[in-house]
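Chemist: need a structure here:
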Amino acid sequence: MTRQRSTAALLLFTAIAAGVACDEKLSDLTGPTPDLEPTFASIQGQILNATDAAGRQACITCHTDQGRTPAAGLNLREGASYAALVGPNSRNKPGATLVVPGDPDNSYLIQKLEGAPGIVGERMPRTGGPYLTSGQMLVLRRWIQQGARND
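Modeler: Purely as a prediction, here's the structure:
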């Protein structure tokens, strides 16, 4: 096989693999938030600010500075949430960074939302659920993996 044919075959294989991987739409995975996208604006609007169709309470129910001290000192109201999440350490677990751009597994936010071993306190939300769905978590993980941009 010539080099040109090998390159063409590789490009065709890559295109087919990408098509298969993208076969399932995000809206099919995110359940009670079908419009959720891996952007901060979408996460703010549909996860942090809003109670979803499954009954999971908005994060700002507890994490707000409006009329109270935010739970764990974490203010997730619009305009304050990005700076509160991306880069700072957890107030309750020394050395644990809330969101590490590009690294969802080492982002303490993901660990708290998934109830990973070693977290301090309870899995979020503290109400005992409903928790974020696996599809919602996939979107959060994807946003962090893509650099946790303020978009």
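Chemist: C-alpha only now, for contacts and for neighbours.
Modeler: Will do.
Chemist: so where's this structure shaky on pLDDT?
Modeler: 1-24, 26-28 (pLDDT under 70).
Chemist: rerun that using 80 as the cut-off
Modeler: 1-32 (pLDDT under 80).
Chemist: could you pull out the helices for it?
Modeler: Assigned helices in the chain, in chain order: 3-21, 26-29, 40-43, 81-85, 108-114, 134-145 (criterion: DSSP state H).
Chemist: how about the fourth one: buried residues?
Modeler: Of the residues in helix 81-85, those with enough neighbours to count as buried (16 or more other Cα atoms under 10 Å) are 81-82, 84-85.
Chemist: Kindly tell me how buried the nearest residue to Lys93 once chain neighbours are set aside is, as a neighbour count.
Modeler: Of all residues not flanking Lys93 in the chain, Val120 sits nearest, at 6.2 Å (Cα to Cα, 6 or more residues apart in numbering). Number of residues near Val120 (other Cα atoms under 10 Å) recorded here: 14.
Chemist: And the one 5 residues further on, by the same measure?
Modeler: Counted by other Cα under 10 Å, the residues lying close to Pro125 total 19.
Chemist: does it really touch Leu113, like I thought?
Modeler: Yes. At 7.2 Å, Pro125 counts as touching Leu113 under the criterion of Cα atoms under 8 Å.
Chemist: Overlap in contacts, those two.
Modeler: Tyr131 (Cα atoms under 8 Å, 6 or more residues apart in numbering).
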